[in-house]
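Trainee: return atomic coordinates for the entry below.
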Amino acid sequence: MQISSNQIAQVNQQIQALLNANNFYGKKLKEAGVSSIQSAEDFENLPFSEKNDLRNAYPLGLMTAPEEKIVRIHSSSGTTGLPVIIPYTAKDVDDWAIMFKRCYELAGITNMDRIQITPGYGLWTAGIGFQNGAEKLGAMVIPMGPGNTDKQLQMMQDMKSTVLCSTSSYELLLAEEIEKRGIKDKICLKKGVIGSERWGERMRKRISEELGIELYDIYGLTEIYGPGIGISCKYDNGMHYWDD
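Mentor: From the prediction side, this is the model:
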């Protein structure tokens, strides 16, 4: 792998913050005898964390910044064990929005688009991540949240939504409902930004053809901000991620 001197400095700054906080990660670094890195090889030798390690830090063992700087928490679903809770500072929230804005821009989405957001809000990072990025871009947000397909389709028509953000399964369901109701000529969608679920080429092709839109695959996870840390582009040959 390649790592720049600037990135090494950023990693070392974070290592010191973790050691000073003496939180879960700080203790793990101390156990491994790590106080800094000097090369890509050093970076590759940093200790791994497994999912159970993160669960064992519940509830706030992953907090690095002082509590007065924490403005929000998000959490994984906890469907297979204790949820992982991630605290966010104001800078975390802003950095996340900047990355998501880049994702929209890479997909050719601009501040003249109307972005309909269907993933859930709350502890899950999805809905609010899509919204933060859209607002940073300056686009009009239609923050629908999950379900209520009748209302989704009504707003999609009335607000002339041009971008649909959703899971692949819900985007397919909406495509099927649009076809069933014969309202495709009233739909103004141009692009879809899809995340959270695995989906294959067959499903991608079906959604794209039924809605007549370009599709972009977005990636993220609670442990690293949320959706918006990477996205596919028009060449559809893998993900681009923001390594800064």
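Trainee: now the element after the least confident helix or strand in the chain by mean pLDDT, going C-ward?
Mentor: Within the chain, no helix or strand scores below helix 51-56, which has a mean of 88 by mean pLDDT, DSSP states H and E. Proceeding N to C from helix 51-56, the next assigned helix or strand is strand 70-75, under DSSP states H and E.
Trainee: okay, which residue is most central for this structure?
Mentor: Ranked by distance to the mean C-alpha position of the chain (CA atoms, centre = their mean), the top residue is Pro227 at 0.5 Å.
Trainee: surely that one meets Ile218?
Mentor: Yes - between Pro227 and Ile218 there is a contact under CB atoms under 8 Å: 5.2 Å. C-beta here means a position set from N, CA and C on the backbone, and glycine is covered the same way.
Trainee: so what sits against both of the two?
Mentor: Residues within reach of Pro227 and of Ile218 at once, by CB atoms under 8 Å, 6 or more residues apart in numbering, are Gly195.
Trainee: from Gly212, how far off is Asp185?
Mentor: 11 Å (CB to CB, to the nearest Å).
Trainee: with Ser76 instead?
Mentor: Distance of Ser76 to Gly212, given as CB to CB: 35 Å.
Trainee: comparing these two, which residue is more hemmed in?
Mentor: Taking other CB atoms under 10 Å, Ser76 and Gly212 do not tie; Ser76 has more neighbours (21 against 11).
Trainee: okay but that one is in contact with Gly226, surely?
Mentor: No - contact criterion CB under 8 Å: Ser76 and Gly226 do not qualify, at 10.4 Å.
Trainee: burial of Asn6, as a residue count?
Mentor: Asn6 has 9 neighbours, counted by other CB under 10 Å.
Trainee: tell me the SS of the residue lying closest to Ala32 once chain neighbours are set aside?
Mentor: If the residues on either side of it in the chain are set aside, Ala32 comes closest to Pro47, at 4.5 Å by CB to CB, 6 or more residues apart in numbering. Following DSSP: H, G, I helix; E, B strand; the rest coil, Pro47 is assigned to coil.
Trainee: show me the contacts for Pro47.
Mentor: For Pro47, the contact set (CB under 8 Å, 6+ apart) comprises 28-29, 31-32, 34.
Trainee: what's the answer for Ala17, then?
Mentor: By CB under 8 Å, 6+ apart, the residues touching Ala17 are 64-65.
Trainee: so for the residue nearest to Ser166 when sequence neighbours are not counted, what's the pLDDT?
Mentor: Using CB to CB, 6+ apart and skipping the chain neighbours, the partner closest in space to Ser166 is Thr118 (4.2 Å). On the pLDDT scale, Thr118 is placed at 98.
Trainee: surely Thr118 meets Ser169?
Mentor: No - applying CB under 8 Å as the test, Thr118 and Ser169 come out as separate, 10.9 Å apart.
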